[in-house]
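Student: okay, here's the prediction I keep looking at, along with the sequence it came from:
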Amino acid sequence: MNLPARFDVLLTGIHLATLEGADWGIVRDGAIAVTGDRIAWAGPESGLPAVPASRRLAFDGAWATPGLVDCHTHLVYAGNRASEFERRLRGATYEEIAREGGGIVSTVRATRAASEDALAEESRPRLAALAGEGATTVEVKSGYGLERTAELKQLAVARRLGAELRVDVRTTLLAAHAVPPEYEGRADAWIDTVCGDIVPAAARSGLADAVDAFCDRIGFTRDQTRRVFEAAREAGLPVKLHAAQLSDQDGAALAAEFGD
């Protein structure tokens, strides 16, 4: 191993979960040496190389792990559904609440009304909490705008917060999350808009890393979802899928068909 002449930071008194080999690659009573933005050395403290360090930090048996990845979040939104949670506790189902105009659609109203700054202010603590728990990469979905401007606003806020908090944020366009109120009873027309307008706009703006859809009985059919996936493919974006939450629409097989 080529070691630097000096470590920038040396962390001692920690247990490591390196994830190498069996048993999570655990190294008890370990140390980590950092130079620049790289780990220069890691292992048992008893094996520390004779390299001076500009700064030393001692921990009392804390654990160090690789950065965690949260691959599915909806953390950029406005408002809350506290009243709906109370109804759920009293026995109402997710589907019942959604069909009465609650659930996703209730959050859509609040998210559309929020300015980009207000949306960032409300969402920032959620990303900060994940970072505080060790997440270094977080996927963030849209899906609470359900029209082009608001969907792109969610994606822009997600990217902005990632830059502010130094978290690797990956954004996913989820315009096919629900049928917006103004398209009630016209799900196919909404999918036309998603495929012909919103997916291309997200691709042109560079704000989306992937495209998602909700394939379920209160979401979209398999055929409608296929159309969204085809639009994503044409735009050069990979796909993800919400599937089988409430019913089996054979969505997993569809996602596999479009997987790379």
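Tutor: Looks like it came in fine.

Student: next, the buried residues of stretch 222-235.
Tutor: If you call a residue buried by 16 or more other C-beta atoms under 10 Å, then stretch 222-235 has these buried ones: 224-229, 231-232, 235. C-betas here are computed from N, CA, C, even on glycine.

Student: run the chain-centre distance for that stretch.
Tutor: Using C-alpha atoms, centre = their mean, to the nearest Å, the mean C-alpha position of stretch 222-235 is found 21 Å from that of the whole chain.

Student: which residue sits farthest out from the middle of this structure?
Tutor: Distance from the C-alpha centroid of the chain peaks at residue 50, with 41.3 Å (C-alpha atoms, centre = their mean).

Student: measure residue 86 to residue 97 for me?
Tutor: Per C-beta to C-beta, to the nearest Å, residue 86 is found 11 Å from residue 97.

Student: the more surrounded of the two?
Tutor: Ranked by neighbour count (other C-beta atoms under 10 Å), residue 86 and residue 97 place residue 97 first, with 20 against 10.

Student: what packs against the helix or strand encompassing that one?
Tutor: According to DSSP states H and E, residue 97 maps onto helix 94-99. Helices and strands touching helix 94-99, by 3 or more C-beta pairs under 8 Å, 6 or more residues apart in numbering; DSSP states H and E, are helix 82-89.

Student: what about the helix it packs on, average pLDDT?
Tutor: When pLDDT is averaged over helix 82-89, the result is 76.

Student: now do stretch 170-182
Tutor: For stretch 170-182, the per-residue pLDDT averages 96.

Student: what comes into contact with the helix or strand bottoming out on mean pLDDT in the chain?
Tutor: The helix or strand of the chain with the lowest confidence, counting by mean pLDDT, DSSP states H and E, is helix 94-99 at a mean of 73. With C-beta atoms under 8 Å, 6 or more residues apart in numbering as the contact definition, helix 94-99 has outside contacts at 84, 87-88, 103-105, 178, 217-218, 246.

Student: hmm, try it at 7 Å
Tutor: 84, 87, 103-104, 218, 246 (C-beta atoms under 7 Å, 6 or more residues apart in numbering).

Student: same thing with stretch 61-68?
Tutor: 13-17, 19, 32, 134-137.

Student: chain center to the helix or strand harbouring residue 121, what's the gap?
Tutor: Using DSSP H and E, residue 121 maps to helix 116-132. Relative to the chain's own centre, helix 116-132 is displaced by 13 Å; criterion: C-alpha atoms, centre = their mean.

Student: coming back round to it: buried among the contacts of helix 94-99? Make that a PyMOL selection.
Tutor: Here is the PyMOL command that picks out the buried ones among the contacts of helix 94-99, judged by 16+ other C-beta under 10 Å:
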select buried, resi 84+103+104+218
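
Student: just curious, which of the contacts of helix 94-99 is nearest to residue 188?
Tutor: Using C-beta to C-beta, residue 218 comes nearest to residue 188 of the contacts of helix 94-99, at 15.8 Å.

Student: hmm, back to that, for the helix holding residue 121, buried residues please.
Tutor: Residues of helix 116-132 classed as buried: 119-120, 122-124, 126-127, 130-131 (neighbour count, 16+ other C-beta under 10 Å).

Student: likewise stretch 67-75?
Tutor: So, applying 16+ other C-beta under 10 Å, buried residues of stretch 67-75: 70, 73-75.

Student: show me the contact partners of stretch 189-198.
Tutor: 148, 151, 175-176, 179-180, 183, 220, 224, 227-228, 231.

Student: an error on my part: the question was meant for stretch 35-52.
Tutor: So stretch 35-52 is contacted by 3-4, 6-8, 12, 16, 18, 27, 29-34 (C-beta under 7 Å, 6+ apart).

Student: ok, stretch 214-234 next?
Tutor: So stretch 214-234 is contacted by 95, 98-99, 176-178, 187-188, 191, 194-195, 199, 211, 213, 239, 241-243, 245-247, 249-251, 254, 258 (C-beta under 7 Å, 6+ apart).
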